[in-house]
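# I'll drop the sequence and a predicted model, then ask my questions.
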Amino acid sequence: MSDTANKPRPQFRNINVIDLMAYRLPMAGKVSILHRVSGALLFLCLPFLIALFAMSFVSQAGFNALAMVIGHPIVKVILLVLIWGYLHHFCAGIRYLVLDLHIGVDKESAAKSASLVMGVSLALTLVFGLKLFGVW
Amino acid sequence: MVPVEKIGPKRLVVGAHYGTGEFIAQRVTAIILAVYTLVLLIGILTMSGFTYEGWKNLFTFTVLFMPLGQILATLAMISLAWHAWIGVRDIWMDYIKPVGLRIFLLVLTLLWLVGSVVYFVHILWRN
C-alpha cells in the first residue's frame, strides 16, 4: 500500500499547444489541420492575390511588369507556398467531398486516401515549382 | 399556439440555424470552385502560348454577345467568398471563446471578404 502511495501519480489536465506537439498525429490529422491552415492562408492573402490578378489583367504593361515581379526569387518562393496551399486545399477538399458520400470512411482507406492527398498535392506543387523556377 | 414541428422541450425545427445550410453551402461552393479551377486550368493549357491576350480572354470571352467569361469569374468569386466565410467562421467558433472578440473577428472577416469581392468585380468589369 505504501508503494503505490509514494509513486507520483499521473495527472491528466487540459491539454495545451505544447502537449499537442508531443502527440503523433495520424496522416488524416495532418491533412485535416493543413486543410485549415492552407484555407486560412489563402483567406489572408486574398486581397493581395486579387491585386496581382488586377496587375496582370488590366493592361499589357501591367502583365509585363508582373512577369518582372515574379522573376524575383523571394516572390517565387511566396507564390510557391500559396500554390501548395491551393493544391492541398483542393485535393484535401475533394477527399472530404468523397468522405461526405460515405465512401472510404473505414480506417484503412481513410489513412490511404490521406497519404494520397498529401502525396498528390506535394507532387503537383513540385511540378508547378519546376515550372515557376523555369526548369522547363 | 404550439407549432407541430417540436423536436425537444424548447427547440423548434425552424427555431434556429442548426448549421445544415452552411454545411451544404460550403460543399456546393467547393464543387463550383473545383470545377471553375479545372476550367481555367484547361483554358491555360490549351492556350497557344501564355500571352496577355490569351490570359485576358479567359475572363472576358463572350458567347452570343453575353459576357460569359466575366459572369463565370464573378460567380466563382462570390462562391469563393461564401466558402471562405463559412470556413473562417468555423475557425473563430472553434478557437475564440470570448463573445466580444469573436463578433469583432467575424465582422472583420465579413468586411475583408466583401471588400475582396467588390475589388475583384470592379477590376473585372471595368473597360
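In hand now; what should we look at? Numbers count the residues shown, from 1 in each chain, chains lettered A, B, ... in the order given.

# which bits of chain A sit near chain B?
Residues of chain A that fall close to chain B, judged by Cβ under 8 Å from any Cβ of the partner chain: A:36, A:39-40, A:42-43, A:46-47, A:50, A:53-54, A:56-58, A:60, A:63-64, A:90, A:93-94, A:97, A:100. Heads up, the C-betas are built off the backbone N, CA and C, glycines and all.

# Now, of those, which are buried?
A:36, A:39-40, A:42-43, A:46, A:50, A:53-54, A:56-57, A:63, A:90, A:93-94 (16 or more other Cβ atoms under 10 Å in any protein chain shown).

# So, low pLDDT: which residues of chain B?
For chain B, applying pLDDT under 70 flags the ranges B:1-18, B:127.

# For it, what lies in contact range of chain A?
Taking Cβ under 8 Å from any Cβ as the contact definition, chain B meets chain A at B:27, B:30-31, B:34, B:37, B:52, B:55-56, B:59, B:80, B:84, B:87-88, B:91, B:109, B:112-113, B:115-116, B:119-120, B:123-124.

# rerun that using 6 Å as the cut-off
Contact residues, chain B versus chain A (Cβ under 6 Å from any Cβ of the partner chain): B:30, B:52, B:84, B:87, B:88, B:116, B:119, B:120, B:123.

# Most neighbours among those residues, which one is it?
Neighbour counts for these, by other Cβ atoms under 10 Å in any protein chain shown, peak at residue B:120, which reaches 25 neighbours.

# What pLDDT does the model give residue A:32?
pLDDT, residue A:32: 95.

# That one is in what secondary structure piece?
helix A:27-58 (DSSP states H and E).

# Which strands and helices lie in contact with that helix?
Packed against helix A:27-58 by the contact rule (3 or more Cβ pairs under 6 Å, 6 or more residues apart in numbering or on different chains; DSSP states H and E) you find helix A:60-70, helix A:73-100, helix A:107-132, helix B:68-95, helix B:99-125.

# Mind putting the ones you listed into a markdown table with distance to residue B:23?
Formatted as a markdown table, the entries for the helices and strands packed on helix A:27-58 read as follows, by distance: least, Cβ to Cβ, whole Å:
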| stretch | distance to residue B:23 |
| --- | --- |
| helix A:60-70 | 38 |
| helix A:73-100 | 9 |
| helix A:107-132 | 20 |
| helix B:68-95 | 8 |
| helix B:99-125 | 18 |
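
# Now for the residue nearest to residue B:114 when sequence neighbours are not counted, how many residues are close by?
With sequence-adjacent residues excluded and distances taken as Cβ to Cβ, 6 or more residues apart in numbering or on different chains, residue B:114 is closest to residue B:81, at 7.2 Å. The number of residues packed near residue B:81 is 21, by other Cβ under 10 Å.

# same thing with residue B:103?
For residue B:103, the neighbour count with other Cβ under 10 Å is 12.

# Would you quantify the distance from it to chain A?
18 Å (Cβ to the nearest Cβ, to the nearest Å).

# Then residue B:82?
12 Å.

# who touches that residue in this structure?
residue B:29 (Cβ atoms under 6 Å, 6 or more residues apart in numbering or on different chains).

# Give me the distance between it and residue B:21.
Separation of residue B:82 from residue B:21 (Cβ to Cβ, to the nearest Å) stands at 11 Å.

# Among the buried ones among the residues of chain A next to chain B, give me the pair with the biggest separation.
Across those, no pair lies farther apart than A:36 and A:63, at 33.9 Å, counting by Cβ to Cβ.

# what about residue A:89, distance to residue A:19?
Between residue A:89 and residue A:19 the computed distance is 27 Å (Cβ to Cβ).

# neighbour count winner among these two?
Per other Cβ under 10 Å, whichever of residue A:89 and residue A:19 has more neighbours is residue A:89, with 23 against 10.
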